[in-house]
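S.K.: build me a model from this:
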Amino acid sequence: VYTQTNTMLVTVSGVIIIIAGGYTVASGRMSLGELIAYFSAVVLLRRQVTTVLSFIPKAMEADESLSTLMKMIESKELEPYSGKKAIDFSGHIKLTNVTFKYSNATTPIFSNVNLTVLPGTCSLVIGDNGSGKTTLVNLIAGFYKPQIGYLEADNTRYSELDMENFREQIGIVPQNPLLFPGTIRENIEYGYKSISDEKLIDAISKSCVSDFIESLPHGLETQLGEYGQLLSRGQRQKIA
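M.R.: Okay, the predicted model is just below:
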């Protein structure tokens, strides 16, 4: 709306100048050369004014973004757990009588859920859209805390866990993973202070992404673009 309004005002002002100037020339109070010189000056000025005015929406957008970020930083609900116990996580997860609902919801997403995931096994959760599959994953990652019931990792309740230490030992591949502008290597190594080539190659092999990377002209040094937009969703998930 802002941009279109500015464009309309600038265009209307040009029309007014031509009509009023034409009338002035016709009545003999101004020469045609003077009108052309004046209109040329207005056109030059209009470009500079448009440049200045186009900055205002960007400033408004930046202000809104900063406000959103500040709300996130000041939020007290970002970390639901405050435990300090670090464990050497083996992969044993247990949910006991878990009931969860979002703060703006009137009914729970699910109630009295009991689930045990043993180390070295695969578990598949199937359900309709909105049945709580993603919410369950977020609960296991410790992003949310159930209103009723509790979760355990290796027989240690989440309320006791150092969640930063716990999350360093688990991996989550979301449906739309976030990749950073940069190379494939930089995205895979992100978060590690150092990683050997052997460990990197092993991770690539286990993720079934070796053939895809080897098919690229620049291999691991291939640039992904903003949010990995140069890749398909499946390729982004494998890199994640």
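
S.K.: gap between the residue positioned nearest the centre of the chain and Ile18?
M.R.: When CA atoms, centre = their mean is applied to the chain, the residue found nearest the centroid is Leu178 (6.5 Å). According to CB to CB, to the nearest Å, Leu178 stands 52 Å off from Ile18. Just so you know, the C-beta spots here come from the backbone N, C-alpha and C atoms, and that holds for glycine as well.

S.K.: just Leu179 next, same as before
M.R.: Counting by CB to CB, the separation of Leu179 from Ile18 is 53 Å.

S.K.: would you verify that Ile56 is located in a strand?
M.R.: No: if the criterion is DSSP: H, G, I helix; E, B strand; the rest coil, then Ile56 is helix and not within a strand.

S.K.: off-centre distance for the helix or strand where Gln237 lies?
M.R.: Using DSSP states H and E, Gln237 falls within helix 233-239. Here helix 233-239 is found 16 Å from its chain centre; the criterion is CA atoms, centre = their mean, to the nearest Å.

S.K.: ok, residues contacting that helix?
M.R.: Helix 233-239 is contacted from outside by 173, 175-177, 179, 184, 187-188, 207-209, 212, 224, 228, 231, using CB atoms under 8 Å, 6 or more residues apart in numbering.

S.K.: now stretch 173-186
M.R.: 187, 190, 200, 213, 216, 218-228, 231, 233, 236-237, 239-240.

S.K.: could you redo the last one with a cut-off of 6 Å?
M.R.: Here stretch 173-186 makes contact (CB atoms under 6 Å, 6 or more residues apart in numbering) with 187, 220-224, 226-228, 236-237, 240.

S.K.: next one: stretch 36-55
M.R.: Here stretch 36-55 has contacts from 6, 10, 17, using CB under 6 Å, 6+ apart.

S.K.: one more: stretch 213-227?
M.R.: The contact list for stretch 213-227 (CB under 6 Å, 6+ apart) reads 179, 181, 183-185, 230.
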